[in-house]
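Undergrad: okay, sequence plus prediction incoming.
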Amino acid sequence: MTRKQKRMLIRIVTSGVLFGAAAVLPLSGWERLAAFLVPYAVIGWDVLWRAVRNIAHGQVFDENFLMALATVGALAIGEYPEAVFVMLFYQVGELFQSYAVDRSRKSIASLMDIRPDYANIETEDGLKQVDPEEVAVGDAIIIKAGERIPLDGVVLEGTSALDTAALTGESLPRQVQPGDDVISGCVNLTGLLKVQVTRAFEESTVSRILDLVENAGSRKARAEHFITRFARWYTPIVVLAAVALAVLPPLFTQVGWLDSIQRALNFLVVSCPCALVISVPLSFFGGIGGASRAGILVKGGNYLEVLAKTEIVVFDKTGTLTQGVFNVTAIHPDHCDEGQLLELAALAECASDHPISRSLLEAWGQIPDSSRVTQAEALSGRGVRAVIDGRVVCAGNDKLMEDIGVTWHPCHHVGTTVHVAADGVYLGHIVISDQVKLDAKQAITALKASGVRKTVMLTGDAKPVGEAVAAQLGLDEVHAQLLPADKVEQVEALLKQVSPKGALAFVGDGINDAPVLSRADVGVAMGALGSDAAIEAADIVLMDDKPSKLAQAIAIARRTLTIVRQNIVFALAVKLLVLVLSALGHANMWQAVFADVGVSVIAILNAMRAMSVPKNP
């Protein structure tokens with residue numbers, strides 16, 4: 001507990017002891033009033049002060065005013081024990097609420113541990129610790145074993161394992177070596193690393209994540225807005241109703257003034273909206289905090305609310321359901337051997353930085369001799385042409401082969417086919433494929449089990465490639481050979497299939513899918529560790545590379561919404577029942593206290609369940 005909470009606990013215990021003593025002492029008249037005023041003052045002075053201060057500032061109708069009016073009224077009509085008990089239990093509820101909110105904040109604040117304290121730079125006198133904000137792009141920093149990586153960069157020297165749990169929720173370490181990218185917020189577990197900084201601190205991954213989480217509370221869900229509006233009108237209405245309940249019955253019925261005022265005071269105690277005002281925002285705050293611990297960053301409660309209603313999930317293919325890394329999966333030579341075919345294709349493509357070119361060079365495994373290659377020319381949408389060792393070599397798709405008049409034959413393997421011809425003679429083809437992620441099929445299965453009605457994949461790849469991946473994963477629908485604008489059109493069409501209360505989620509890699517992420521009801525960036533575009537464009541960011549986290553995100557969202565609804569229904573039902581009983585004279589002050597503080601405590605306990613993270617389905 002905080003120091004402030006401990007002080008309040010001491011006040012509660014002290015007031016409770018004094019209250020017990022006042023209750024057993026055989027006192028009457030002014031002595032009895034004085035005996036109960038002492039514990040009342042100990043526990044309630046701050047509530048009375050806040051009520052007076054708020055009235056002076058024009059903020060009359062709040063819970064402080066309700067508690068002050070109810071307890072002072074109880075003292076005025078001689079109900080001394082009830083007045084102290086109401087204030088005592090109100091403060092117990094406030095302490096419990098404060099503790100619950102702090103615990104929820106800590107669940108998010110644990111993510112703030114990724115903020116680095118310093119960076120090590122090399123000087124003539126050895127390593128010097130400096131503020132990460134003082135390090136410039138291009139500088140080299142040293143990260144020792146056990147230290148947190150302070151800035152995004154590229155490994156220059158050393159190998160190590162990185163703990164990414166604070167960002168991704170994953171316990172398995174990630175191995176890095178020279179040439180690999182590293183991001184701020186991870187912990188260096190084993191070796192010494194020398195890293196060249198690629199981003200300034202204010203643009204680093206850790207800064208963007210912290211900003212996202214810290215501002216998540218500003219984007220409220222509709223349920224939170226409803227409770228805010230509800231409390232604004234509800235409190236003055238119940239105060240006016242209490243006044244009417246105190247004045248009208250004695251004027252028009254046989255009910256006495258003392259009894260009527262007692263009913264009105266009970267009515268005021270019951271009417272305090274604490275259970276709703278606290279538990280609903282706390283539920284969303286807890287849901288966001290629990291998601292963050294699982295490596296799922298939610299930009300606000302409103303996005304949790306939409307995600308919970310997801311009926312259709314639309315996936316991008318490359319980098320989302322597949323690894324986005326192309327590998328040579330088949331080599332079919334014709335009039336040459338496999339080695340020669342791969343060598344010519346790799347040399348022809350060596351001047352290009354296209355993923356297909358890189359995969360060919362990686363499969364060949366040798367450093368190309370640029371002196372062997374001349375007159376290299378990229379042929380847009382078809383492939384490349386180059387002179388290699390005096391031979392005119394063309395490598396590309398079937399359109400290129402048809403353009404140069406070479407007879408080619410298709411391949412039964414699914415993937416991108418690179419045909420190779422030299423001096424007008426067809427030499428064979430090479431198949432390059434993008435590998436499906438290990439948990440992609442599990443992700444689709446889990447989504448369907450959770451009640452998602454349709455799963456769709458959009459891709460710019462050829463139709464056979466898209467259909468093969470869709471069949472492998474069990475997707476309901478696939479649309480291939482799409483440009484970015486075409487993907488938006490497909491999402492527009494799918495949005496028309498969503499029910500009025502449903503939602504469509506689009507899941508992409510966040511780099512080239514910004515238009516579709518923005519158009520969907522909720523945009524989810526997949527595999528966004530270190531991606532600026534993903535964090536900016538998406539509403540929800542899955543920090544690791546696992547599509548199966550989407551089902552967990554939906555489960556967290558639905559669980560949070562269920563808790564919110566439970567609290568709203570429970571609090572309103574109990575309060576309405578006791579309000580009616582109070583108005584009819586069938587509820588006393590003790591029952592009114594339960595309807596206020598008891599309901600608040602139960603609702604807050606229920607809201608705290610949102611902080612626990614459901615297991616990945």
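TA: The structure has been received and is ready for your questions.
Undergrad: ok, and what's touching the helix or strand hosting A264?
TA: Using DSSP states H and E, A264 sits within helix 257-271. Applying C-beta atoms under 8 Å, 6 or more residues apart in numbering, the external contacts of helix 257-271 come out as 66-67, 69-70, 73-74, 77, 79, 86, 234-235, 238-239, 241-243, 245-247, 249-250, 575, 578-579, 582-585, 587-589, 591-593, 595-596. Backbone N, C-alpha and C define where each C-beta goes, glycine included.
Undergrad: in that helix, what counts as buried?
TA: Of all the residues in helix 257-271, those buried under the rule 16 or more other C-beta atoms under 10 Å are S260, I261, Q262, R263, A264, L265, N266, F267, L268, V269, V270, S271.
Undergrad: return the alpha-carbon coordinates of the following helix or strand past that helix using CSV.
TA: As assigned by DSSP H and E, the chain's next helix or strand after helix 257-271 is helix 274-293. The C-alpha trace of helix 274-293 is given here as CSV (Å, rounded to 0.1, in the frame of the first residue of the first chain):
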residue,chain,number,x,y,z
CYS,A,274,-19.4,4.9,-7.0
ALA,A,275,-19.8,1.3,-8.1
LEU,A,276,-20.4,2.3,-11.7
VAL,A,277,-18.1,5.4,-11.9
ILE,A,278,-15.1,3.4,-10.7
SER,A,279,-15.7,-0.2,-11.8
VAL,A,280,-16.4,0.4,-15.5
PRO,A,281,-13.2,2.4,-16.2
LEU,A,282,-11.2,0.1,-14.0
SER,A,283,-12.4,-2.9,-16.0
PHE,A,284,-11.2,-1.4,-19.3
PHE,A,285,-8.0,-0.2,-17.6
GLY,A,286,-7.4,-3.7,-16.3
GLY,A,287,-8.1,-5.3,-19.7
ILE,A,288,-5.6,-3.0,-21.4
GLY,A,289,-3.0,-3.7,-18.7
GLY,A,290,-3.5,-7.5,-19.0
ALA,A,291,-3.2,-7.3,-22.8
SER,A,292,0.0,-5.3,-22.5
ARG,A,293,1.6,-8.1,-20.4
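Undergrad: quickly run through the sheet partners of the next helix or strand after helix 274-293, with directions.
TA: Sequence-wise, the next helix or strand downstream of helix 274-293 (DSSP H and E) is strand 296-298. The strands beside strand 296-298 in its sheet (DSSP bridges) come out as strand 540-542 (antiparallel).
Undergrad: could I get the average pLDDT for the partner strand?
TA: In this model, strand 540-542 carries a mean pLDDT of 84.
Undergrad: same question, stretch 261-279
TA: Computed over stretch 261-279, the average pLDDT equals 72.
Undergrad: and it, end to end?
TA: The straight-line separation of the ends of stretch 261-279 (C-alpha to C-alpha, to the nearest Å) is 30 Å.
Undergrad: ditto for stretch 490-505
TA: Stretch 490-505 end-to-end distance (C-alpha to C-alpha) = 13 Å.
Undergrad: that stretch: which residues count as buried?
TA: Q490, V491, L494, L495, V498, A503, L504, A505.
Undergrad: do the same with stretch 472-485
TA: L473, L475, V478, H479, A480, L482.
Undergrad: what of stretch 117-128?
TA: Y118, A119, N120, I121.
Undergrad: contacts for it next, please.
TA: 129-132, 134-135, 139-144, 147-148, 150-151.
Undergrad: drop anything exposed from these.
TA: Judged by 16+ other C-beta under 10 Å, buried ones among the contacts of stretch 117-128: V130, P132, V135, D139, I141, I142, I143, E147, R148, P150, L151.
Undergrad: got a list of what the second one touches?
TA: Pointing back at P132 there. P116, Y118, A119, P150, L151, S184, F201, S204.
Undergrad: re the thing from before, for the buried ones among the contacts of stretch 117-128, work out which two are farthest apart.
TA: D139 and R148 (17.3 Å; C-beta to C-beta).
Undergrad: that older thread, and the least confident of the buried residues of stretch 472-485?
TA: L482 (79).
Undergrad: gap between that one and K441?
TA: 22 Å (C-beta to C-beta, to the nearest Å).
Undergrad: got it, and K463?
TA: 21 Å.
Undergrad: with neighbour numbers in mind, choose between those two.
TA: K441 (17 against 12; other C-beta atoms under 10 Å).
Undergrad: quick one: secondary structure of the more buried one?
TA: helix (DSSP: H, G, I helix; E, B strand; the rest coil).
Undergrad: which residues does the nearest residue to it once chain neighbours are set aside contact?
TA: In space, and not counting its chain neighbours, K441 is closest to L473: 5.0 Å by C-beta to C-beta, 6 or more residues apart in numbering. By C-beta under 8 Å, 6+ apart, the residues touching L473 are L321, V436, A440, K441, I444, M457.
Undergrad: okay, the residues you listed in a markdown table with pLDDT and distance to V197 next?
TA: Formatted as a markdown table, the contacts of L473 follow (pLDDT from 0 to 100; distance: C-beta to C-beta, whole Å):
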| residue | pLDDT | distance to V197 |
| --- | --- | --- |
| L321 | 86 | 33 |
| V436 | 85 | 35 |
| A440 | 90 | 34 |
| K441 | 92 | 39 |
| I444 | 94 | 39 |
| M457 | 92 | 37 |
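Undergrad: what about the strands in the stretch 401-550 of the chain?
TA: Along the stretch 401-550 of the chain, counting by DSSP state E, counting those that start in this stretch, strands occupy 416-422, 425-436, 454-458, 477-479, 503-508, 522-525, 540-542.
Undergrad: what strands line up against the fifth one, and which way round?
TA: Strand 503-508 has these partner strands in its sheet, going by DSSP bridges: strand 310-316 (parallel), strand 522-525 (parallel).
Undergrad: and these, which one's lowest on average pLDDT?
TA: strand 522-525 (a mean of 87).
Undergrad: so where is the stretch 351-500 of the chain shaky, pLDDT-wise?
TA: Counting by pLDDT under 70, the stretch 351-500 of the chain shows low-confidence ranges at 381.
Undergrad: 80 instead, please
TA: For the stretch 351-500 of the chain, applying pLDDT under 80 flags the ranges 351-355, 380-381, 412-416, 434, 460-462, 481-485.
Undergrad: so the closest residue to D434 other than its chain neighbours versus L517, what's the distance?
TA: For D434, ignoring the flanking residues on the chain, the nearest one in space by C-beta to C-beta, 6+ apart is T322 at 4.3 Å. Separation of T322 from L517 (C-beta to C-beta): 18 Å.
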